[in-house]
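S.K.: Got a predicted structure here, sequence first:
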Amino acid sequence: MVSNPTITESQIWDILASVCDPEIPVLSIVDMGIVRKVYLEENNPVIIITPTYTGCPAMDMITMQIRMALLEHGFTQITIRSELAPAWTTDWMTEEGKRKLQEYGIAPPNPSTTPLSEQIIQCPQCRSNNTKLLSEFGSTACKALYQCQDCKEPFDYFKCH
């Protein structure tokens, strides 16, 4: 059965841009770079996704949210595939997504291969560079916990990987 013969890949990307990351609801899965590829197979959407790290507990929820969003737009035949290689990287995040992270209070990833303990991480609250690493693990495995030494606020840093 043809789900929607007039839909385009661009329209599917637009639908996916409305699907929020369950761990960071201000970001879409497109902002996160989780959606790797979208194409139509016999007018049915095929979505290729990559988890931010192997074993990410949010991927089942993301898959369900993708399916629900596409069902709401009339699709009944939906294929969602997860690909682990190449591994997801913060380089796949959109600039808009990084901006949204900062506005939400999470320091966006630095494009750096410098060890975490040596990076200068800007406070998303007051923009100070006078910050201190408290723990290499924050509220989720993909974040580290920092504290600003000027405004004294703790904050998550989305680790580069």
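M.R.: Ah, there it is.
S.K.: who's in contact with residue 40?
M.R.: Residues in contact with residue 40 (C-beta atoms under 8 Å, 6 or more residues apart in numbering) are 7, 9, 12, 46. Where C-beta positions appear, they are placed from N, C-alpha and C, glycine not excepted.
S.K.: Among these, the buried ones, what's the ChimeraX command?
M.R.: Typed into ChimeraX, the line below selects the buried ones among the contacts of residue 40, using 16 or more other C-beta atoms under 10 Å:
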select :7,12,46
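S.K.: a markdown table please, covering the contacts of residue 40 and showing distance to residue 107 and pLDDT.
M.R.: Converted to a markdown table, the contacts of residue 40 look like this (distance: C-beta to C-beta, whole Å; pLDDT from 0 to 100):
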| residue | distance to residue 107 | pLDDT |
| --- | --- | --- |
| 7 | 37 | 80 |
| 9 | 33 | 92 |
| 12 | 32 | 96 |
| 46 | 35 | 97 |
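S.K.: from the contacts of residue 40, which is closest to residue 150?
M.R.: Comparing the contacts of residue 40 against residue 150 with C-beta to C-beta places residue 12 closest, at 44.5 Å.
S.K.: Of the contacts of residue 40, which belong to strands?
M.R.: Of the positions in the contacts of residue 40, residue 46 sit in strands, assigned by DSSP state E.
S.K.: Residue ranges of each domain in this protein, please.
M.R.: 9-89, 105-158 (automatic domain parsing).
S.K.: By mean pLDDT, show me the worst of these.
M.R.: Sorting the domains of the chain by mean pLDDT places domain 105-158 lowest, at a mean of 89.
S.K.: can you map out the strands along the protein?
M.R.: When secondary structure is read from DSSP E, the chain shows strands at 35-41, 44-49, 79-82, 106-107, 131-135, 143-148, 154-158.
S.K.: Grab the most central residue of this protein for me.
M.R.: With distances taken as C-alpha atoms, centre = their mean, residue 32 lies nearest the centre of the chain, 2.4 Å away.
S.K.: check contacts around residue 99.
M.R.: Taking C-beta under 8 Å, 6+ apart as the test, what residue 99 contacts is residue 108.
S.K.: next one: the one 5 residues further on
M.R.: In this structure, residue 104 makes contact with 24, 26, 124, judged by C-beta under 8 Å, 6+ apart.
S.K.: Can you tell me which of the residues you listed are buried?
M.R.: Buried by 16+ other C-beta under 10 Å: 24, 124, out of these.
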